[in-house]
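Asker: below is the sequence, then the predicted model.
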Amino acid sequence: MNFTDSLWLSIEAIYSKILAHPFVQGLTDGSLDESAFRFYAIQDALYLQDFARGLAILGAKADSDDDFLMFCDHASNAILVERSMHDSFFKAWQLTSEQVYNTPPAPNCLLYTSYLLRVALGLPYYEAVGAFLPCYWIYWQVGKELVQKGSVNPLYQQWIDTYASDEFEAVVKAVLPVMDNLALGLTQPQKEAVKHHFIITSKMEYLFWDMGYHQQEWEV
Ligand SMILES: Cc1ncc(CN)c(N)n1
């Protein structure tokens, strides 16, 4: 079994909860309130700004030029590809980029991006790769799952198609072997540290959808 297979096994219960979440369910059956999706999309645009910067840090820490190039490419894709999807949503909702990027991050968004950046900046490369993996892998799995049902809402369908696409699959399939190759040189405690981050950020993926569903506000 590859190391990444064992990582996925460790989050099976979290992944099941993600698939069962009303936000995710509502993307296909159309029951998700579009205002919750809009809230999520705005927060995701903020998330991607930090996610892309985190990937650039991973690139700088990478121990091979191939990994460096891959993470830099993924950093620019996060802005150019995923953000262009968001921009088309924002256009449909007549939201200006000032309105989007002046929105304060909701607690769960800030929690997630702060964690990613803390790990990327302060911890070893292999731990940081483990922390970033769920951002790729869970979205691809969710996209593949949801595309089978499709959506009655064209915006939700566009979102699903982006993450179920061959292009997104290629991105995920490029990053998984990086983790597996790194794992070959890791001790058991180092692998446990990677798994720890992988589980935490998988939980944060759940929390991010939950934030959108409840349109989470700061209580104070
Ligand atoms: C919260 C979150 N996680 C992951 C992805 C996919 N890059 C995303 N757009 N947003």
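Answerer: Looks like it arrived, so ask away.
Asker: show me what secondary structure element comes after the helix or strand of the chain with the lowest mean pLDDT.
Answerer: None of the helices or strands of the chain scores lower by mean pLDDT, DSSP states H and E than helix 83-92, at a mean of 92. Using DSSP states H and E, the next helix or strand after helix 83-92 towards the C-terminus is helix 97-101.
Asker: which SSE is immediately downstream of that next one?
Answerer: Beyond helix 97-101 on the C-terminal side, the first helix or strand identified by DSSP H and E is helix 107-122.
Asker: how far off centre is the helix or strand just after that following helix?
Answerer: Past helix 107-122, further along toward the C-terminus, the next helix or strand under DSSP H and E is helix 125-147. Its chain's C-alpha centre lies 6 Å from the corresponding centre of helix 125-147 when counted by C-alpha atoms, centre = their mean, to the nearest Å.
Asker: tell me which other helices or strands helix 125-147 touches.
Answerer: Packed against helix 125-147, as judged by 3 or more C-beta pairs under 8 Å, 6 or more residues apart in numbering; DSSP states H and E, are the following elements: helix 3-10, helix 12-20, helix 22-29, helix 34-61, helix 107-122, helix 154-164, helix 166-184, helix 188-214. Just so you know, the C-beta spots here come from the backbone N, C-alpha and C atoms, and that holds for glycine as well.
Asker: quick one, the least confident helix or strand of the chain and helix 154-164 angle?
Answerer: Between the axis of helix 83-92 and that of helix 154-164 there is an angle of 180 degrees, by axes from the mean of the first three to the mean of the last three C-alpha atoms, to 10 degrees.
Asker: now do helix 83-92: which elements does it pack against?
Answerer: For helix 83-92, the packing partners by 3+ C-beta pairs under 8 Å, 6+ apart come out as helix 34-61, helix 97-101, helix 154-164.
Asker: show me what the shortest one is packed against.
Answerer: In other words, helix 97-101. Contacting helix 97-101 under the criterion 3+ C-beta pairs under 8 Å, 6+ apart are the following elements: helix 34-61, helix 83-92.
Asker: just the CA coordinates for it, please, in PDB.
Answerer: Once non-C-alpha atoms are left out, helix 97-101 reads as follows in PDB (Å, rounded to 0.1, in the frame of the first residue of the first chain):
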ATOM      1  CA  SER A  97     -13.800  42.500  -7.100                       C
ATOM      2  CA  GLU A  98     -13.700  45.200  -4.500                       C
ATOM      3  CA  GLN A  99     -16.800  43.800  -2.800                       C
ATOM      4  CA  VAL A 100     -15.300  40.300  -2.900                       C
ATOM      5  CA  TYR A 101     -11.800  41.000  -1.800                       C
END
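Asker: so where is the chain shaky, pLDDT-wise?
Answerer: Within the chain, no stretch falls below the threshold (pLDDT under 70).
Asker: what residues does it have near the ligand?
Answerer: 44, 47, 48, 82, 135, 139, 205, 208 (C-beta under 6 Å from any ligand atom).
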